[in-house]
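A.B. asks: Structure, please.
(one chain, ligands or ions: 2)
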Amino acid sequence: MEKTTAIVLAAGQGTRMKSALPKVMHPVCGLPIVHFGIQAALDAGCGEVVVVVGHGRASVEAYVARAFAGGRVHTAVQERQAGTGDAARAGLAHIGAQTERVLIMNGDVPLVRGADLLAVVRPLDEASPRPAFSLATCLVGDATGYGRVLRAGGEVVEIREHRDLRSDDERAVREINAGFYAADVALMREALATLAPDNAQGELYLTDVVTFASRAGKGIAAVTLGADVLAGVNDREQLAQVERTMHERIVRAWRLAGVTVRDGARVDAAVVLEPDATVESGVVLRGVTRVGKGATVDVGCVLANVTVGEGALVKPYSVATDSSIGARAQVGPFAHLRPGSELGDESHVGNFVETKATKMGRGAKANHLAYLGNGDIGEGANIGAGTIFCNYDGFQKHTTTVGPGAFIGSDSQIVAPVTIGANSYVATGTTVTMDVPADALAISRVKQDNKLGYASKLRARLRASKAQKSK
Ligand code: UD1
Ligand code: CA
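C.D. replies: Ligands and ions are numbered 1, 2, ... in the order given. You can find the predicted model right below:
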């Protein structure tokens, strides 16, 4: 497959999506549609992948460059979206000199896998008599909108687009063209050169290469694959169906690998789950999230690009983004870890605690109601309820450093930048505005004064005042 180049057609607008986003950039389980076709081509072993871009090209190019860096995948531009045949020509103009064979594929078929692509190419090397052209077909219940595979004497002779069908017999054909074609470069180049826009849409149809191959007496192999593999995405209902199938695949694979994933959890394609992890219902795991061995992500959590360490427990309804949670740490319920939160092993972050760009050392605790922004908290430090790291002066963010073993009493405000020394003690209700040396006690609150017997006097005065007002 090293000398096979895949050409992924991804330049179309996708009118039926009714979207400002190019169709192939719509996510399926967290990754754009176009990602899956490219990945399948790489998995199949194609030496090179050319992605034909056009509509919304900047976003597709940027994604391809970011997600498939490394030189095997590049893009070609189709200037005007004049049909799939024109797109294939644009792709073919960009293939490397080492290419002997091309596999042209629709970019809007995310369920296709490497093995399916190999099945399309294989007859060119293995079938006898040896065909010169191979395409994927599919038997569907409702063929509306698809190109029909027309056969004569059992042999494929033509693909006719839905809008160009000429009879009820043709409309009744249930074998459809899936949009995957393989042939040697020379034949494909020759076939593409013959295309003309003589059809209902006035476009260059890639499918007409089949007619060319048939008329030229080339053998055509039709490889029939399942409808669950070859479903294309043209509108958002198909997007939802494809995503359902994709998600079932993802979850099934993790379950078989030893992970408990409850029904009703949503696990994106790039997520990694280690054995004996548990993902409860209502959990959404997005982006590059990783859940370690034996860790539990409990009901209703939403994690995006988060690493959860071994044996950690993320309690219900916690939300975390671009953060890491150490081994055996405990988070939540109702915790909010904003980007750049790094919780050490065995640390605890409890309910209604918000962290942002904050590191917590091993075993550090902030169990209730706190805002910890731009903090660097040492091992075993304890942050009391109601503590606020005042990190923002309206212009800049400032850092609060808390040494190992320090104790911050409840309802303290820590006005950054400030450093609180190791094993120091900040008394409850203190407003810390200057550094606290190691082992010191910082206290800044008004001294308490008890006025004996004053409560009843106060009540009498307030009662009289109220009676006066209601007269
Ligand atoms: C195409 C096939 C049809 C097949 C169906 C399978 C043609 C003429 N028809 O129809 O036989 O049953 O796929 O799903 O090929 N694209 C470009 N440039 C363009 C037009 C399209 O790059 O100018 C890309 C699109 O981004 C898309 C792919 O080609 O990824 C297919 O285009 P689409 O318009 O969806 O073709 P279908 O109507 O689905
Ligand atoms: Ca399509």
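
A.B. asks: Flag every residue of the stretch 151-300 of the chain that's near ligand 2.
C.D. replies: 232, 234 (Cβ under 5 Å from the ion). For the C-beta atoms, the positions are set from N, CA and C on the backbone; glycine is no exception.

A.B. asks: got a list of what residue 32 touches?
C.D. replies: 24-26, 60, 63 (Cβ atoms under 8 Å, 6 or more residues apart in numbering).

A.B. asks: same check, this time on residue 19
C.D. replies: residue 26.

A.B. asks: In a helix, it, correct?
C.D. replies: No - counting by DSSP: H, G, I helix; E, B strand; the rest coil, residue 19 falls outside a helix, being coil.

A.B. asks: Need phi/psi at it.
C.D. replies: phi -140, psi 150 (degrees, to the nearest 10).

A.B. asks: next one: phi and psi at the residue in the chain that ligand 2 sits nearest to?
C.D. replies: Closest residue of the chain to ligand 2, Cβ to the ion: residue 232 (3.9 Å). Backbone torsions for residue 232, taken as degrees, to the nearest 10, come to phi -90, psi 160.

A.B. asks: what's the helix or strand for residue 138?
C.D. replies: strand 133-139 (DSSP states H and E).

A.B. asks: ok, residues contacting that strand?
C.D. replies: Contacts of strand 133-139 (Cβ under 8 Å, 6+ apart): 116, 119-124, 149, 156, 159, 174-183, 187, 209-210, 213, 218-227, 229-230.

A.B. asks: Not counting the lowest-mean-pLDDT helix or strand in the chain itself, show me its contacts.
C.D. replies: Scoring the helices and strands of the chain by mean pLDDT, DSSP states H and E places helix 227-230 at the bottom, with a mean of 89. Helix 227-230 is contacted by residues 109, 111-113, 116, 136, 138-140, 178-180, 245 when judged by Cβ under 8 Å, 6+ apart.

A.B. asks: if we can go back for a sec, show me what counts as buried in the strand holding residue 138.
C.D. replies: Of all the residues in strand 133-139, those buried under the rule 16 or more other Cβ atoms under 10 Å are 133-138.

A.B. asks: Give the pairing partners of that strand; include direction for each.
C.D. replies: strand 175-184 (antiparallel), strand 220-224 (parallel) (DSSP bridges).

A.B. asks: Dump those strands into TSV; add mean pLDDT and mean neighbour count as well.
C.D. replies: Formatted as TSV, the strands paired with strand 133-139 follow (pLDDT from 0 to 100; neighbours: other Cβ atoms under 10 Å):
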stretch	mean pLDDT	mean neighbour count
strand 175-184	97	24
strand 220-224	97	19
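
A.B. asks: closest one to residue 270 among those strands?
C.D. replies: strand 175-184 (24.5 Å; Cβ to Cβ).

A.B. asks: Pull the number of nearby residues for residue 120.
C.D. replies: For residue 120, the neighbour count with other Cβ atoms under 10 Å is 24.

A.B. asks: ditto for residue 431
C.D. replies: 15.

A.B. asks: how much space is there between the closest residue to it other than its chain neighbours and ligand 1?
C.D. replies: Nearest residue to residue 431, sequence neighbours excluded (Cβ to Cβ, 6 or more residues apart in numbering): residue 413, at 4.7 Å. Residue 413 is 56 Å from ligand 1, where distance means Cβ to the nearest ligand atom, to the nearest Å.

A.B. asks: Let me know how buried the closest residue to ligand 1 within the chain is, in neighbour terms.
C.D. replies: For the chain and ligand 1, the shortest gap (Cβ to the nearest ligand atom) falls at residue 147, measuring 2.2 Å. Residue 147 is flanked by 25 other residues according to other Cβ under 10 Å.

A.B. asks: what sits against it?
C.D. replies: Counting by Cβ under 8 Å, 6+ apart, residue 147 has contacts 159-162, 176-177, 207.

A.B. asks: same thing but at 10 Å, please
C.D. replies: 84, 137, 158-165, 173, 176-179, 205-207, 210 (Cβ atoms under 10 Å, 6 or more residues apart in numbering).

A.B. asks: State the pLDDT value of it.
C.D. replies: Residue 147 carries a pLDDT value of 96.

A.B. asks: From residue 177, how far off is it?
C.D. replies: To residue 177, residue 147 is 4 Å away according to Cβ to Cβ, to the nearest Å.
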